[in-house]
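**Q** Kindly return the folded structure for what I paste below:
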Amino acid sequence: MSATTVTPAAIRPGVLGDLPALTEIYNHYVTGSNATFDVTPFSVPDRQAWFDHYAATGPHRLLVADADGEVLGYATSSPLRPKPAYDTSVETTIYCRPDAVGQGLGRRLYEALLAGLAREDLHRAYAGIAVPNDASVALHRAIGFTPLGTYREVGRKFGRYWDVAWFELALPYAKPRS
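**A** Now for the predicted structure:
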């Protein structure tokens with residue numbers, strides 16, 4: 001599949017059988033991108049604990065985009081911080097297979113994730129984006145996230161320091177007019 005091919009994909013909760021594909025997608029960004037500050041690729045068993053903390057409902061979700069049994073990408077919501085006063089805030093993350101980028105899949109995943117979160121007792125969603133990453137910044141702005149500020153040189157990867165720009169979205173999510 002090329003980046004110009006638009007493939008219909010079902011958005012559904014992640015299942016354990018997706019874990020190998022989810023790990024492969026994530027490892028692409030671990031080894032070749034500043035999008036995550038993990039620096040060592042994961043094995044599928046290494047990612048089991050990560051997978052296990054997600055549920056089909058509730059504030060901590062994992063949604064996948066599936067086209068004919070192939071996982072093309074995923075979006076998650078996770079606790080922002082472990083202290084109880086943060087329970088109404090989540091951090092969101094999204095990763096797509098490189099050959100699925102630029103097809104609107106990220107936006108569809110995010111909209112499905114945020115629609116599900118609208119039914120929860122949540123107040124804010126946050127996203128941290130290692131910059132530069134123009135595509136991710138554009139996606140978050142298109143969804144309705146607003147910039148908050150930047151942590152300067154907060155992560156070191158590939159022999160250099162990276163900034164992380166933080167974005168915020170009020171919940172429940174109201175889809176922006178396009």
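
**Q** L63 bridge partners, please.
**A** L63 has the following beta-bridge partners by DSSP bridges: P13, A75.

**Q** what does R160 give?
**A** K157.

**Q** That one and N34, how far apart?
**A** 9 Å (CB to CB, to the nearest Å). (Each C-beta comes from the backbone N, C-alpha and C, glycine too.)

**Q** Comparing those two, which shows the higher neighbour count?
**A** Neighbours per residue, other CB atoms under 10 Å: of R160 and N34, the larger number sits with N34, 18 against 9.

**Q** I'd assumed A130 was in contact with that one.
**A** Yes: between N34 and A130 there is a contact under CB atoms under 8 Å: 4.5 Å.

**Q** got any residues that touch both of the two?
**A** Common contacts of N34 and A130 (CB atoms under 8 Å, 6 or more residues apart in numbering): G155, W162.

**Q** neighbours of the residue nearest to G14 when sequence neighbours are not counted, just the number please.
**A** In space, G14 comes closest to L62 once its chain neighbours are excluded; the distance is 3.9 Å by CB to CB, 6 or more residues apart in numbering. L62 has 22 neighbours, counted by other CB under 10 Å.

**Q** Model confidence score at L62, please.
**A** Listed pLDDT for L62 reads 97.

**Q** can you check G102 too?
**A** With respect to pLDDT, G102 scores 89.

**Q** Now it: phi and psi?
**A** Backbone torsions of G102, given as degrees, to the nearest 10, read phi 90, psi 20.

**Q** What's the local residue count around it?
**A** 14.

**Q** again with S43
**A** Close neighbours of S43, defined as other CB under 10 Å, add up to 10.
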